[in-house]
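>>> Build me a structure from this.
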Amino acid sequence: MAMNLDINWKALIIGAAASASMVIIGSYGHEWAFLFASAGLLYVGYSSKDIKQGTILGALASTPIVYLTFQGALGEFTGDFFPTLTGTISVMALILLIGAFVGFVGAWAKRSRVKAKAEYEKKQNIGKNKNKKKNNN
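Numbers count the residues shown, from 1 in each chain. The predicted model follows:
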């Protein structure tokens, strides 16, 4: 059984790298860069073919952020809960869920834009057919 996933690999790699690079820049004292870490995940979701694929690819693109978190880019795990195995898995699941949500939002924005563009073109073509019929007679 051949599977045709039709994944935009270029967008997936660029989006994951952009998100990870913003986390790295933010970890070196430029905290404003954390705000833009989701832009890469939005790009991955926007470049997907449907909402389900955008959600899955958003979670996949957030895996470099999980790795950077465990390496200490977002700070050290302190307290009683986070250093435990349950805390580590919880942090990983939370980052992947946020990545999936941001990918979903990107795919949803693309779907909404495609629908709005089709509706706009439909409105633009309403009066054109009537004028062509009058000129031909």
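
>>> Return the helix or strand in this structure with minimum mean pLDDT.
helix 128-136 (a mean of 58; mean pLDDT, DSSP states H and E).

>>> Only the buried residues of the longest helix seen in the chain, if you could.
Counting residues, the longest helix found in the chain (DSSP state H) is helix 85-124. Neighbour-count burial for helix 85-124 flags 91-92, 95-96, 98-107, 110 (criterion: 16 or more other CB atoms under 10 Å). In short, each C-beta sits where N, CA and C put it, glycine included.

>>> Farthest-apart pair in those residues, please.
With distance counted by CB to CB, no two of those lie farther apart than Val91 and Lys110, which are 29.3 Å apart.

>>> Ala100 and Gln53 touch, don't they?
No: using CB atoms under 8 Å, Ala100 is not in contact with Gln53; the gap is 11.3 Å.

>>> just checking, what packs against the longest helix of the chain?
Under the contact criterion of 3 or more CB pairs under 8 Å, 6 or more residues apart in numbering; DSSP states H and E, helix 85-124 touches helix 38-46, helix 51-61, helix 63-70.

>>> ok now it, how far from the chain's centre?
6 Å (CA atoms, centre = their mean, to the nearest Å).

>>> With stretch 11-19 instead?
9 Å.
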